[in-house]
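Engineer: here are the coordinates; sequence isn't available:
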């Protein structure tokens, strides 16, 4: 067996346990390549600065990831933090192997080690962050790759909304993913909500859930586009379809601003 197949197969077997095994069954027969997203929240104590983390991400981590072929890394701060200050980092991987080997490959990169030295050797008495939360997400088949918004490409002002939908059962969580793939994603694109990614959480807390991200010029424009979405006939049909009843038990919405060095 080839090394790549072994690594991918081994990690898939463990990472896709539980709810994700149901997702694999639901997607059986679909061989399209899809992104895997690592979503990281670097948590901070109230009043703490994140200058050292910013320097690390901008000068060491993101250039290192880019050299590995991991492009369009997003870094954001929350406008009105719901559960404490944090820096959110979205790392899009083109494959499960990329996710499983990224940190070992970074640690073997002398250029990364040099640029990250101060951050990596931070003293216990002066940490660069409090703790890190991390989730592994699998891109939806309806949008298998991350899409960098036009506002980002044109270097214009922008705001992001990251929405997480929790479900009370694994099967209902899969139904909500199916609902997005059955027309909801296309409607969001049509009304200019500018989706960035959609991902089903495979690993992390608060399972089962999905997370997706939208982009707009500002909160007012974004709200208008969401209003257009709510009036769209395709959405009206989907939301009233009994097949998709009771798929979401909790919605968490976060408005995010990109930091100056974010690639999204």
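Structural biologist: Structure's in. What do you need? If you're wondering where the values come from, they're calculated on a predicted model, not measured in any experiment.

Engineer: for residue 65, which non-adjacent residue is spatially closest?
Structural biologist: Counting by Cβ to Cβ, 6 or more residues apart in numbering, residue 73 is the residue found nearest to residue 65 once chain neighbours are left out, at 5.6 Å. Using the backbone N, CA and C atoms, a C-beta is placed for each residue, glycine as well.

Engineer: what about that neighbour, how many neighbours?
Structural biologist: 20 (other Cβ atoms under 10 Å).

Engineer: ranges for the helices of this protein?
Structural biologist: Shown for the chain, the helices assigned by DSSP state H span residues 3-15, 19-26, 51-56, 62-67, 96-107, 110-120, 150-153, 170-179, 185-190, 219-230, 233-239.

Engineer: how close does the residue nearest to residue 147 when sequence neighbours are not counted get to residue 174?
Structural biologist: Distance criterion Cβ to Cβ, 6+ apart; nearest residue to residue 147, sequence neighbours excluded, is residue 196 at 6.2 Å. In this structure, residue 196 lies at 22 Å from residue 174, with Cβ to Cβ, to the nearest Å as the measure.

Engineer: wait, residue 235 touches residue 182, no?
Structural biologist: No: taking Cβ atoms under 8 Å as the definition, residue 235 is not a contact partner of residue 182, at 11.1 Å.

Engineer: so what's residue 193 up against?
Structural biologist: When contacts are counted by Cβ atoms under 8 Å, 6 or more residues apart in numbering, residue 193 touches 214, 215, 216, 222, 225, 226, 229.

Engineer: so which of the helices of the chain is nearest residue 129?
Structural biologist: Ranking the helices of the chain by proximity to residue 129 (Cβ to Cβ) places helix 51-56 first, at 5.7 Å.

Engineer: other SSEs contacting the closest one?
Structural biologist: Contact partners of helix 51-56 among helices and strands, from 3 or more Cβ pairs under 8 Å, 6 or more residues apart in numbering; DSSP states H and E: helix 110-120.

Engineer: other residues contacting the helix it packs on?
Structural biologist: Helix 110-120 is contacted from outside by 52-53, 55-56, 59-61, 63-64, 67, 106-107, 128, using Cβ under 8 Å, 6+ apart.

Engineer: got TSV for those residues, with neighbour count and distance to residue 87 too?
Structural biologist: As requested, the contacts of helix 110-120 are exported to TSV (neighbours: other Cβ atoms under 10 Å; distance: Cβ to Cβ, whole Å):
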residue	neighbour count	distance to residue 87
52	15	11
53	21	6
55	16	12
56	22	11
59	17	15
60	22	15
61	21	12
63	16	17
64	21	17
67	13	22
106	19	18
107	12	21
128	20	10
